[in-house]
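Trainee: quick check, what structure comes out for this input:
(one chain, ligands or ions: 2)
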Amino acid sequence: MKPVIAIVGRPNVGKSTLFNQITRSRDALVADMPGVTRDRLYGEGRIGLRSYIVIDTGGLSGEAEQLDGLMARQVEQAVQEADAVLFMVDARSGLIPGDQRICDWLRRLGKPVRLVVNKVDGIDPAAALAEFHGLGLGEPYPVAAAHGRGVAGLVGEVLAGFPESAEEGMPTEDEGGIRIAIAGRPNVGKSTLVNRMLGEERVVVCDLPGTTRDSIFIPLERRGRRYTLIDTAGVRRRGRVHEVVEKFSVVKTLQAIEAAHVVIHVVDAREGVSDQDLRLLGFVIETGKALVIAVNKWDGMDRDERERVRNELKRRLAFADFARIHFISALHGTGVGDLYASVEAAYEAATQALSTTRLTQVLTDAVADHAPPLVHGRRIKLRYAHLGGRNPPLVIIHGNQTEHVPDSYRRYLVNTFRKVFKLEGTPVRIEFKTGE
Ligand code: GDP
Ligand code: GDP
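Mentor: Ligands and ions are numbered 1, 2, ... in the order given. This next block holds a predicted model:
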């Protein structure tokens, strides 16, 4: 599973600046759990080929009373879900008693803490760092988050302590088949769906070496094919009984999405598509996962309601219109078995081999139908295309002045590749290269 890093510190030390710097995502995930008073943000960070999950825990004032209060308990929850903590202090304000109290409070939680001194731009770093040694957290790490200075080194150092591959401990594709994450907001029916999928007559839940009873990976076999369900809802195997042992966790959801080949995103038909759904789906697309959408609780809705929901989905989910939508009732089992066909199709689309010859042919035809625009009187030239990666498909296009290809033209090409190669259910990425 991907490592999780939580950023903790007083307000204004630069936590969200660092968060934005390392996630570079416009749409962070906000915990929308009841009782969370301060926004806690979740995002994905990436260094080279490694990715990890970052939590901006929101502010802790460091006042003694506050550290006993609700806010601190919420930050504590995030810290407990993290593998490592970045404790951020501010070089400009120097060491203040609030920092010391947060430091003591953190130490009690027993997580590995890396002390980060922010805003060292334009000041003498040695002098700025000296006083923070007193916190007893080891060598302070200087950064200027606003300028990205020191950030990559810091993250690299923290990640060095974790296994190189996030796949460690996961059933491989050979033994576990397609990995399917069931994701969605609380109460949309994820655990009901997981139980329904496991309870299907055709399904045999298997034991695999390396998967323990408490594993969130549930290997199963259906019609001679293997799959691994990744459980975010907290349905754990306890002997033969499936019981709910955990509540919703954003971190587990993000980790499950990251670990999946295909995500089934569950939406509650009665609640419609919420902003949190959009953010979760945005995360799925950003991580490049194949996607199937299941609109649950379709039972007991009348025709007008169904029509209204269909229209809303069409409008709100236009950005994910490559995904098949299923209308299901996890409670009654209606439509649940059909999900597998779409999972298979999405996986196949995401991983299929696309030859350079065919990609280039399709590119040439697309350009002939609708040429790229002129830039400063010269036409953008797109010469050939090849596959740079699978799951999701990454099409690399070589040409001239490709840095000027407008977004609308990129979308036109994505749609063309999608149509010709039937890339249903998977995001498609294009990367342009100028020159050879
Ligand atoms: P948070 O409350 O801890 O999330 O802090 P913010 O990220 O909102 O930052 C607080 C202020 O510090 C903002 O005005 C930032 O522009 C500023 N800031 C953040 N990082 C840096 C830095 O590296 N250098 C300087 N000089 N200012 C910074
Ligand atoms: P989770 O938090 O996403 O795992 O949601 P649960 O599986 O715990 O379901 C939340 C509630 O929705 C429970 O009361 C379920 O019985 C109910 N529910 C789940 N699926 C359906 C469905 O297909 N139809 C109806 N009517 N209710 C459902």
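Trainee: and the helices in this protein?
Mentor: Remark: helices assigned in the chain by DSSP state H are 15-23, 70-81, 97-109, 125-130, 151-159, 173-176, 190-199, 250-259, 275-286, 303-316, 339-351, 356-369, 407-420.
Trainee: tabulate those helices (TSV), appending mean neighbour count, distance to residue 428 and mean pLDDT.
Mentor: All C-beta spots, glycine's among them, are computed from the backbone N, C-alpha and C. Below are the helices of the chain laid out as TSV (neighbours: other CB atoms under 10 Å; distance: least, CB to CB, whole Å; pLDDT from 0 to 100):
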stretch	mean neighbour count	distance to residue 428	mean pLDDT
helix 15-23	22	23	90
helix 70-81	18	32	84
helix 97-109	17	43	94
helix 125-130	14	45	87
helix 151-159	17	29	92
helix 173-176	15	21	73
helix 190-199	21	27	91
helix 250-259	23	18	86
helix 275-286	19	10	88
helix 303-316	13	21	95
helix 339-351	20	9	97
helix 356-369	15	11	97
helix 407-420	15	5	95
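Trainee: looking at those, which is nearest to residue 116?
Mentor: Checking the helices of the chain against residue 116 by CB to CB gives helix 151-159 as the closest, at 6.4 Å.
Trainee: so which residues make contact with the closest one?
Mentor: When contacts are defined by CB atoms under 8 Å, 6 or more residues apart in numbering, helix 151-159 is touched by residues 3, 5, 18, 21-22, 45, 47, 50, 52, 84, 86, 114, 116, 141, 143, 145.
Trainee: off-centre distance for stretch 105-115?
Mentor: In this view, stretch 105-115 has its centroid 25 Å away from the chain centroid, taken as CA atoms, centre = their mean, to the nearest Å.
Trainee: first-to-last residue distance for that stretch?
Mentor: Using CA to CA, to the nearest Å, the end-to-end distance of stretch 105-115 comes to 14 Å.
Trainee: show residues contacting that stretch.
Mentor: Here stretch 105-115 makes contact (CB under 8 Å, 6+ apart) with 8, 60, 67, 72, 76, 79-80, 82-87, 89, 132, 135, 137-141, 154, 157-158, 161.
Trainee: out of those residues, which are buried?
Mentor: Buried subset of those (neighbour count, 16 or more other CB atoms under 10 Å): 8, 60, 67, 72, 76, 79, 82-87, 89, 132, 135, 137, 140-141, 154, 158.
Trainee: so which of these sit within strands?
Mentor: Using DSSP state E, 8, 84-87, 89, 141 are the members of the buried ones among the contacts of stretch 105-115 that sit in strands.
Trainee: nearest to residue 229, of the residues you listed?
Mentor: Nearest member of these to residue 229, counting by CB to CB, is residue 84, at 28.4 Å.
Trainee: does that closest one really touch residue 7, like I thought?
Mentor: No. Counting by CB atoms under 8 Å, residue 84 does not reach residue 7; the two are 10.2 Å apart.
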